[in-house]
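Engineer: I need the structure of the sequence given here:
(2 chains)
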Amino acid sequence: MNKIIGTAAVTAILAAGPALAQEDFIPAVVFDMGGKFDRSFNEGIYNGIERFREETGIEYLEFEVTNEAQREQALRRMVRNGASQIIAVGFGQAPAVEVIAAENPDVNFTIIDSVVDLPNVRSVIFKEQEGSFLVGMIAAMRSETGAVGFVGGMDIPLIRAFGCGFEQGARHVDPEVEVYQNMTGTTPAAWNDPSRGAELARSQFDRGADVVFAAAGGTGLGVYQAAADSGQFAIGVDSNQNFLHPGTMLTSMLKRVDVAAYNAFQDALNEEWEPGVLNLGLAESGVGWALDEFNEDLVTDDMRAAVAEAEEMIVSGELEVVDYRAANACTY
Amino acid sequence: MEIFTLVVLLLDATLRVATPLILAALGGLFSERAGVVDIGLEGKMLGAAFAAAATASVTGSAWLGLCMGIGVSMTLAMIHAFACVTHRGDHVVSGVAINILVAGLTVTLGIAWFERGGQTPDLYNPDPYTGIELPGTAVTTEDAIRMVVDADPDDRLRTPRQVEQAIAGGDVEMAAQVEALTREPTPVIGWILGGVQDFANGFVDFVREERFTGITLPLADTVAHVPVIGLIYSELISGHNILVYFALLAVPITAWVVYRSRFGLRLRAVGENPAAVDTAGISVTWMRYKALMITGFLCGIAGTYLSTAHNASFVRDMTAGKGFLALAALIFAKWRPIPVLLACLLFGFLEAIEARLQGTPINLLGLTFTIPVQFIQALPYILTVVLLAGFIGKAIAPKAIGTPYVKER
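Structural biologist: Below is the predicted model:
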């Protein structure tokens, strides 16, 4: 009996704990250009914080940046509205976070995809090259023409890292494989130009590629559509995009931004949040590749085995995937 | 790949990219020839793109989408006309206002209606229609494979490709299944009925499509193996969607209307010397309204092309400056229809070649290098400046452009 009362009391205390914390805990998120329903990077974040909201019942503040000038403004408004934990999505927000975080040392910030070195900022970055390496292997094993392609969004080192990892993975399987790489543009508009994405993909198909990997936000949707139209394979990015075109979506390279976002809020709620840099790779399950009912017929057992083997080697450090950002060059 | 094939594929891409430019630039031609500056081509296209994709996804008909796209674009053109012609407002201000209005409104309505951050749902065409079956006709392996996919009880097979791979991988049962369904046509009767059947099924597909897809012109597959001409016909001329053909057809029609018809004469006169037109007893206001209706119509088709033919959904700001590029092409072509076509094709060609040059190592004089992305992307603009400054000469706009007409009192 005592035990039951004891348990009840503990439960009551546990229940009251977060409730007390909730009073002054206002999470907020500022999405990047592309919007929270880009079915890719931003949507991953959205899924993570939605999970947090469903589990805890705590509502969050949100803002979708539609032009670059809004970033600082949006963060400042979140601070003014009393937010105590703000997730800034995307490398583009780094300069804004630097300013606002320095101005408001009491507010905690989590920036995804970039590093800001301040005592109240947690920077979450990913080893995109490792996930891209695995899908590069899958692409090269699936390819019948011996040529695969990569379509990037904006031409920045981060996106180059995707392409570089993809190339290494493809070459790991077949050193002779041809890897075409195209970037959509050099401005943020490159994240939202599906027409151009489709043309770039078609140009790669014309040159003989039969699998194309896109890391280009909304532009990628045009790439996947072009692949479906031409009957070639495409590989999604960030979120699991296999469902978009069943039959031609070979797989998706996963970047667990949802987990990063969820953890930021959860840690803050549990008062375990700490600043610093989190660099998430295969070993931390921060990146990976998607296998579900939409593509299980496309990825054969041999391919799965080969990928699993490479994954182990990367985790153990036996196989090193070069990060483009280390030297701004794809030399391996 | 041999160089000839590459060139044909490059020109094929050029047509796809240039189509919205051609339509929008011709639209601008009608407006500007009548003396109304139209900087709102971008907005009209964007509005039409949204309306078309939204309508097509809700109703399942690309044709209704086209109607709605044209409707929205013409409405915007009429707002422009009301502001600039009736109320003699500033043309540039009105055009910019339309661009801003549409950029915001499409995303807002998109979020409200579809809850996808301003995108519209993807448009999927149903599988090719095969409901009309006539006796004695051929059933090809391709058809048989599709039947197997359709009849699959567990819904495990989703694409014909999976069946092909299964057969290639030694699935005897699957091969037998396909084999059993294949049928040779009955001579003569079967051939004739086969043609009728294909046409009827194709027509059903054409009418009920949710998205405009490529039309294979007659004999395209048959002549595909003929050297040179076969490739040009099957890749370059055949296989585009109907809006591409319409855009190409619109050029000679525009040229005829502007230079050979009475309407065209009055249109040009209104842009050069509206007072003279007024003296002749023709309403300047009504002429300008009519010109803007045509502008709206053509921009509506351009926008519809973007969201329901070239792509399969609306994405915010998907025009990505094409309206302004069309305007540049119009000035580049000195407001004349045939040069407009050529200018748009040139811009399209540059974009197409850019996609192919990018990242490709070039070997010149023993040096291997890749051209920087930035340079290739700036190429259309550099070329415009160089050509306009050095070779094309001065572009003289219609004399009365941008000035509201005030009747003498």
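
Engineer: Which single residue of the stretch 1-150 of chain B ends up nearest chain A?
Structural biologist: Nearest to chain A, among the residues of the stretch 1-150 of chain B, is B:Gly117, at 3.2 Å (Cβ to the nearest Cβ). Where you see a C-beta, it was placed from the backbone N, CA and C, and this is true even at glycine.

Engineer: these two touch, right, that residue and A:Glu62?
Structural biologist: No - using Cβ atoms under 8 Å, B:Gly117 is not in contact with A:Glu62; the gap is 11.6 Å.

Engineer: How far off centre is the longest helix that chain B contains?
Structural biologist: Among the elements of type helix in chain B, defined by DSSP state H, the one spanning the most residues is helix B:3-33. Averaged C-alpha coordinates place helix B:3-33 at 9 Å from its chain's average position (Cα atoms, centre = their mean, to the nearest Å).

Engineer: and the chain, what are its domains?
Structural biologist: Picking chain A for this. Taking automatic domain parsing as the reference, chain A has its domains at A:2-126+A:258-279, A:128-256+A:286-327.

Engineer: could you do chain B instead?
Structural biologist: Taking automatic domain parsing as the domain assignment, the ranges for chain B are B:13-123+B:240-323, B:126-207.

Engineer: gap between the residue of the stretch 151-300 of chain A found nearest chain B and B:Phe297?
Structural biologist: For the stretch 151-300 of chain A, the nearest residue to chain B under the criterion Cβ to the nearest Cβ is A:Gly247, separated by 3.6 Å. Summarising the geometry, the distance separating A:Gly247 from B:Phe297, computed by Cβ to Cβ, to the nearest Å, is 38 Å.

Engineer: related to what we said a few turns ago, pull the number of nearby residues for the residue of the stretch 1-150 of chain B closest to chain A.
Structural biologist: Number of residues near B:Gly117 (other Cβ atoms under 10 Å in any protein chain shown) recorded here: 22.

Engineer: contacting residues for it?
Structural biologist: The neighbourhood of B:Gly117, defined by Cβ atoms under 8 Å, 6 or more residues apart in numbering or on different chains, consists of A:Gly35, A:Lys36, A:Phe37, A:Asp38, A:Glu64, B:Gly110, B:Ile111, B:Arg316.

Engineer: Apply 6 Å and report the result again.
Structural biologist: Going by Cβ atoms under 6 Å, 6 or more residues apart in numbering or on different chains, B:Gly117 touches A:Gly35, A:Lys36, A:Phe37.

Engineer: Check the residues you listed one by one and keep those near chain B.
Structural biologist: By Cβ under 6 Å from any Cβ of the partner chain, the members of these lying near chain B are A:Gly35, A:Lys36, A:Phe37.

Engineer: Switch those residues over to CSV; also include pLDDT and neighbour count.
Structural biologist: CSV is the format used below for the ones next to chain B among the contacts of B:Gly117 (pLDDT from 0 to 100; neighbours: other Cβ atoms under 10 Å in any protein chain shown):
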residue, pLDDT, neighbour count
A:Gly35, 75, 27
A:Lys36, 80, 22
A:Phe37, 79, 20
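
Engineer: Among the residues you listed, which one lies nearest to B:Leu6?
Structural biologist: Taking Cβ to Cβ as the measure, B:Leu6 lies nearest A:Gly35 of the ones next to chain B among the contacts of B:Gly117, at 36.9 Å.

Engineer: Give me the nearest residue to that closest one, chain neighbours excluded.
Structural biologist: For A:Gly35, ignoring the flanking residues on the chain, the nearest one in space by Cβ to Cβ, 6 or more residues apart in numbering or on different chains is B:Gly117 at 3.6 Å.

Engineer: Show me the residue sitting in the middle of chain B in space.
Structural biologist: Using Cα atoms, centre = their mean, the residue of chain B that lies closest to the mean C-alpha position is B:Tyr305, 3.8 Å off.

Engineer: show me what contacts residue 210?
Structural biologist: Chain wasn't specified; assuming chain A. For A:Asp210, the contacting residues are A:Ser143, A:Thr145, A:Gln232, by Cβ under 6 Å, 6+ apart.

Engineer: Actually, chain B is the one I wanted.
Structural biologist: By Cβ under 6 Å, 6+ apart, the residues touching B:Glu210 are B:Ala56, B:Gly60, B:Ala62, B:Leu123, B:Asn125.
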